[in-house]
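Chemist: coords please:
(4 chains)
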There are 4 protein chains.
Amino acid sequence: MSEIAALVRDLVVANRILASENVVDAYGHVSVRHPGDPRRFLLATSIAPEMVEEAHIAEFDLECVPVKDDGRPLYHERFIHGGIYEARPDVQAVVHAHSEDVLPFSISAVPLRPVIHSGSFMGATVPVWDMADRFGPDTNMLVTNMEQARDLARCLGPHNVALMRGHGFSAAARSLIEVVRMAVYVPRNARVLMNALRLGSAIMPLHDGEIAARDAGYKPYSLETRRAWRYWAHKAGCAHLVEDHPVDHAHKPWGAA
Amino acid sequence: MSEIAALVRDLVVANRILASENVVDAYGHVSVRHPGDPRRFLLATSIAPEMVEEAHIAEFDLECVPVKDDGRPLYHERFIHGGIYEARPDVQAVVHAHSEDVLPFSISAVPLRPVIHSGSFMGATVPVWDMADRFGPDTNMLVTNMEQARDLARCLGPHNVALMRGHGFSAAARSLIEVVRMAVYVPRNARVLMNALRLGSAIMPLHDGEIAARDAGYKPYSLETRRAWRYWAHKAGCAHLVEDHPVDHAHKPWGAA
Amino acid sequence: MSEIAALVRDLVVANRILASENVVDAYGHVSVRHPGDPRRFLLATSIAPEMVEEAHIAEFDLECVPVKDDGRPLYHERFIHGGIYEARPDVQAVVHAHSEDVLPFSISAVPLRPVIHSGSFMGATVPVWDMADRFGPDTNMLVTNMEQARDLARCLGPHNVALMRGHGFSAAARSLIEVVRMAVYVPRNARVLMNALRLGSAIMPLHDGEIAARDAGYKPYSLETRRAWRYWAHKAGCAHLVEDHPVDHAHKPWGAA
Amino acid sequence: MSEIAALVRDLVVANRILASENVVDAYGHVSVRHPGDPRRFLLATSIAPEMVEEAHIAEFDLECVPVKDDGRPLYHERFIHGGIYEARPDVQAVVHAHSEDVLPFSISAVPLRPVIHSGSFMGATVPVWDMADRFGPDTNMLVTNMEQARDLARCLGPHNVALMRGHGFSAAARSLIEVVRMAVYVPRNARVLMNALRLGSAIMPLHDGEIAARDAGYKPYSLETRRAWRYWAHKAGCAHLVEDHPVDHAHKPWGAA
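Modeler: Residues are numbered from 1 along each chain as shown, chains lettered A, B, ... in the order given. Purely as a prediction, here's the structure:
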């Protein structure tokens, strides 16, 4: 199987996992940068993530124009992906979702921050982008052109996750498997933080050194993260689309450190 | 397939989706106005929505008398539908449900309002109807005649959703697909609002301009909403009852704006 | 099918529904008074409710001794049933369960009370029984003899539901179908009340007249409640154990009133 | 079937139950001490618990070195198990998990304590281990060597459960069946406590005498706990791996007391 065929198959798995893990519903999407051309990325045409198959995956340039336009309807918010890939050469994969449990932090002054170890990957700072700041109070709230997407990418800056006021979040990572992991654990971290805050005592977030150590400790396709990937695929009913990668077994996910 | 047969099939799908998405349980119902006669509407006879099949769909006049009474038991609260269709010629579909997560707002002075983009369709104002205001504190709380239903419709006024104190909500929309979308997202918006309020900081609801822009941007059978409809039908196990509508693909759900 | 065979089958269905609706788990039980002998009742031997079959149903006298002791292990807390049947000749069915969402009210001074129409059947007052009041702070918290069960029944008095501190609830009703409905809706009412209280405003419970009207309006085997029974059995995978009762179709669940 | 083969099979069941009951996800693990050699224990190699089969179970010494190293990847946090078995000769089984609903208590000053009867098995005191206290604020938060594991075991002391700040919990018990029961009910107790605290009134925890009576009342393989084991295995789809133990039927789980 070619590298690109394998990546398309992984992108199908990513879509199914995000649906199965309740990160996306009818809406939300996940993309991956083209391995052979950093000015392109792969994303499904307009369909709910749970129903994505390989034939739905299309190629887009960074302006979010399909490389081969066959008239199929497209996600209106595909621009989020182009905006982030353009601004962040280090980013290989992007998720946009409306996860219910991060939304309270997008409309409150209380910041979302990592308080559990699996939430560390969001990074110490999670900015909130309010579209109205630049585009006024009369938009339909969707990111439907490059100007809006570039503004969102500016707000994201060097961070991994940006909340979008009253709308959802966008996340960026070094690999498809990492962006899916982040999208699964950010809502969990949000629930733990909400529950802890309501207990009425001060709360203890992760130390910056812990966030850094965890970030440094994982390779983009670590063995430990593959374990989760295989499990989520199993739950999503697409274990048959996930191959074992025996070569990975030699990797130490927590290397010399 | 005739227009009416297609609509009956869509109404079956709507019932199954509302059950699968946890909007209704043994109780709750959804109706659609008759496409050929605005003085009639279609609604199931008494059965849980998840179990509705085409043979259960019956035709009612606006007084909620079945056009052909074959003695089958009827929903006691069918009057809600007649009352709203009578008062609101613009309304093509109605849902009544007891969704757990909107109920707290029906017994509290804290208003339900849209705080997430998918909740915009409830509109800026969601009135609360307290049956006791007009019918006293000794009713069984059910809307079982036209006088009660007309009072509820008066409270609903030009709005899209009315809460019913200690009971549930009734929602009205321009199409079956829109009323189902509203019924799915209103409880989600309620959960986000409850969680945000408990964080203890001021919260930021949608701007009126955003609510208006979103309302103006969708046609009653928009492509984007069909994507959700197909997904929800897939989850509910009745994808086979949903056809592709290729003609819709030409529509731009966010037209000139 | 004989009356007793039909009732045994209904008791199996009740067990399965309570498991499917998340009222019971490995523990918890439901019983029904013997239709031919008010000094006896039917209850499963020791097994998780979801796994109950007709062969598990045994007959007990009001001291909770099995009429025919074949050595099978018995529920330790079967005494709850005997205690309530003994004290309350009007009661035909009993549920004991540990539902998570009623438990907060059993360890707090905030009373559980009906705030939604489907919760009306618990009645205006829900007493809390603290076993330690009479049996001291060193029990294993289980009701394992008639003396304890009689004390619980005294606390229940003429009410429909008693909470048990840090343990669960016991509910009593005029029919199996009614006690199942109560057991399903009491936890839902508890969740709505918890959520409403946390919104921080005063809340509006049901009026006493509403509770009374609803109580008066339902017959023990009303058509409307059968609709829920059939639906819950369908979800629990035992629809085939539920027959249609065409004779009921003549009943008006909301009679002259 | 040999004793060790039966125990391996039980350990597979324990893994599946913990996944099915939502205690573990891709991460988390359960072990049992070797019945023939108290200096060894059984634990799966690196795989998500829901996917564990008999072939995944390996034998480890108390330093957490596999007795027969065949190069398969191992859980990084296996040291937790060795550390606890080394310090606590009374312990026969250990669970480590990241259950979402205990995490708020691990980052708040509000203590987790038993408030429901099924939570009694955690014991009156649940210490919180903060890895940073001894190993500083720059770790990756995982317990990946014996020094860290011994520090955790010191914090656990004579107790049954220790929370780990921002990470999860580790639980120890006299049998596999008991440690699974504890792992299922500790998160439930946490939810009830969170909900009760938010009602705003003082709450009533279990009495010390109740905790003691319950602890004394159960044998490590009591009949009542087997009922839960069989039910959880049934739900997890592995009922076929659970045999009846007719000899147990003679045991009285609440003996002379």
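
Chemist: residue A:163 should be in a strand, yeah?
Modeler: Yes. Counting by DSSP: H, G, I helix; E, B strand; the rest coil, residue A:163 is found in a strand.

Chemist: is the residue most central in space within chain A within a helix or a strand, and which one?
Modeler: Nearest to the geometric centre of chain A sits residue A:95, at 2.9 Å (C-alpha atoms, centre = their mean). In this structure, residue A:95 sits in strand A:93-97 according to DSSP states H and E.

Chemist: what's the neighbour count on residue A:149?
Modeler: Using other C-beta atoms under 10 Å in any protein chain shown, residue A:149 has 26 neighbouring residues. Every residue, glycine included, has its C-beta placed from N, CA and C.

Chemist: for the helix or strand encompassing it, buried residues please.
Modeler: According to DSSP H and E, residue A:149 maps onto helix A:146-156. Neighbour-count burial for helix A:146-156 flags A:146, A:148-153, A:155-156 (criterion: 16 or more other C-beta atoms under 10 Å in any protein chain shown).

Chemist: so that helix versus strand A:93-97, what angle?
Modeler: For helix A:146-156 against strand A:93-97, the angle by axes from the mean of the first three to the mean of the last three C-alpha atoms, to 10 degrees is 100 degrees.

Chemist: quick one: mean pLDDT for helix A:146-156?
Modeler: For helix A:146-156, the mean pLDDT works out to 98.

Chemist: which residues in chain A form helices?
Modeler: Using DSSP state H, the helices assigned to chain A run over residues A:3-20, A:79-87, A:103-106, A:131-135, A:146-156, A:176-198, A:208-217, A:223-235.

Chemist: spell out which parts of chain A neighbour chain B.
Modeler: Those residues of chain A that sit near chain B, judged by C-beta under 8 Å from any C-beta of the partner chain, are A:25-27, A:46-48, A:50-51, A:71, A:73, A:76, A:98, A:100-101, A:103-105, A:107-110, A:130, A:132, A:136-142, A:144, A:165-167, A:194, A:197-198.

Chemist: surely residue A:90 meets residue A:174?
Modeler: Yes. Counting by C-beta atoms under 8 Å, residue A:90 touches residue A:174, with 6.8 Å between them.

Chemist: with neighbour numbers in mind, choose between these two.
Modeler: Neighbours were counted for residue A:90 and for residue A:174 using other C-beta under 10 Å; residue A:174 has more, 16 against 8.

Chemist: quick check: the more buried one vs residue A:118, distance?
Modeler: 17 Å (C-beta to C-beta, to the nearest Å).

Chemist: next up, the contacts around the residue in chain A that chain C sits nearest to.
Modeler: In chain A, the residue that lies nearest chain C is residue A:198 (8.3 Å; C-beta to the nearest C-beta). Residue A:198 makes contact with B:198, D:194, D:198 under the criterion C-beta atoms under 8 Å, 6 or more residues apart in numbering or on different chains.

Chemist: cool, and residue A:36?
Modeler: If you count contacts by C-beta under 8 Å, 6+ apart, then residue A:36 has A:3-4 around it.

Chemist: at 6 Å what do you get?
Modeler: With contact set as C-beta atoms under 6 Å, 6 or more residues apart in numbering or on different chains, residue A:36 has no partners.

Chemist: again, but for residue A:180
Modeler: Shown in contact with residue A:180 (C-beta under 6 Å, 6+ apart): A:14, A:17.

Chemist: that one and residue A:129, how far apart?
Modeler: Distance from residue A:180 to residue A:129, by C-beta to C-beta: 22 Å.

Chemist: and for residue A:94?
Modeler: For residue A:94 relative to residue A:129 (C-beta to C-beta), the value is 14 Å.

Chemist: more crowded one of the two?
Modeler: Comparing residue A:94 with residue A:129 by neighbour count (other C-beta under 10 Å), the higher total belongs to residue A:94, at 27 against 23.

Chemist: who does that one bridge with?
Modeler: Beta bridges link residue A:94 to residue A:31, residue A:172 when assigned by DSSP bridges.

Chemist: I'd say it and residue A:83 touch.
Modeler: No. Counting by C-beta atoms under 6 Å, residue A:94 sits too far from residue A:83 to count as a contact (9.2 Å).

Chemist: so what pLDDT did residue A:219 get?
Modeler: Note for residue A:219: predicted pLDDT of 84.

Chemist: neighbours of it, how many?
Modeler: 17.

Chemist: quickly note the distance from it to residue A:34.
Modeler: For residue A:219, the distance to residue A:34 (C-beta to C-beta) stands at 21 Å.

Chemist: tell me which residue in the stretch 1-150 of chain A sits closest to chain D.
Modeler: With C-beta to the nearest C-beta, the shortest gap between the stretch 1-150 of chain A and chain D falls at residue A:117, namely 4.3 Å.
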